[in-house]
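1. Provide a 3D model corresponding to the input given below.
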Amino acid sequence: MCLWNLGLYSDMKIPIRIKILLFYYKLFHKKFYSSPLVKIGESGKGVTSILFFLPSERTHAQVISHLIKKNNDYDSLRFKYVLHQDSLTYYQDIPKHEILTFSDNDLNWFGAIKSKFIIKKIDQENYDALVDLNQSFDQTLSLLSIQLIIPIKIGFQSPISDQLYTVVVELEKNSFLESSYHTIENILGIS
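-> A predicted model of the protein is given here:
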């Protein structure tokens, strides 16, 4: 899909900084690797570790915080959450050892994460799945998914989602976010 021709989403304006960052990541961060096979189902091992990208907008964060609260009930799964340090107050129920924060100092002029420490910290954990819970495609955190070697990348439908994720969840106009989150749980086999 051409970066500048986004067909179906012609009524949505993609910020120029997102277009530039997406072009940069696609040009300079192509990684050729064979991703390990992760089978989700009765005969597969399923996912054992999940990385979440959490939104920093207050309205979205309050709903997401409520939904991920039950992740603490899964002893056999390992979770890690990446979020902006200014949004920590919205996610008080997440254990501190499961949180990886970044600040404005970790961002470049375009707003993308430039900190190699954060990227290495994520890469060394070998996650089975990435779940990006940002609903706005104006989030530069979502673009970090291009740099990460994770076999299953799940995110919400947007003009650029096909370039970021391996599984795209469509948000229905008249439904609640909870139903989309349950869809993600069903995909990962953790419901």
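2. what about the most centrally placed residue in the chain, distance to Thr166?
-> Nearest residue to the geometric centre of the chain (C-alpha atoms, centre = their mean): Asp132, 2.1 Å. According to C-beta to C-beta, to the nearest Å, Asp132 and Thr166 sit 11 Å apart. (C-beta placed from N, C-alpha, C; glycine too.)
3. joint contacts of those two?
-> Common contacts of Asp132 and Thr166, defined by C-beta atoms under 8 Å, 6 or more residues apart in numbering, comprise Lys153, Ile154.
4. hang on, the earlier thing: touching, the residue nearest to the centre of the chain and Ser145? I think so.
-> Yes - the pair formed by Asp132 and Ser145 meets the contact definition of C-beta atoms under 8 Å, at 6.2 Å.
5. residues shared between the contacts of those two?
-> Phe53, Lys153, Gly155, Leu164, Tyr165.
6. nearest spatial neighbour of the first one, chain-adjacent residues omitted?
-> In other words, Phe53. Asp132 (4.3 Å; C-beta to C-beta, 6 or more residues apart in numbering).
7. can you tell me the SS state at Thr183?
-> helix (DSSP: H, G, I helix; E, B strand; the rest coil).
8. quick one: neighbours of it, just the number.
-> Other residues lying near Thr183 total 18 when counted by other C-beta atoms under 10 Å.
9. again with Leu77
-> 16.
10. that one and Asn126, how far apart?
-> Applying C-beta to C-beta to Leu77 and Asn126 gives a distance of 14 Å.
11. equivalent analysis for Ser136, please.
-> For Ser136 relative to Asn126 (C-beta to C-beta), the value is 28 Å.
12. same question, Asp75
-> From Asp75 across to Asn126, the span is 19 Å (C-beta to C-beta).
13. related to what we said a few turns ago, name the residues contacting each of Leu77 and Asn126.
-> Ser49.
14. for the residue nearest to the centre of the chain, what are its contacts?
-> Asp132 makes contact with Phe52, Phe53, Leu141, Ser142, Ser145, Lys153, Ile154, Gly155, Phe156, Leu164, Tyr165, according to C-beta under 8 Å, 6+ apart.
15. in contact with the fifth one, which residues?
-> It stands for Ser145. For Ser145, the contacting residues are Phe53, Leu130, Asp132, Lys153, Gly155, Leu164, Tyr165, by C-beta under 8 Å, 6+ apart.
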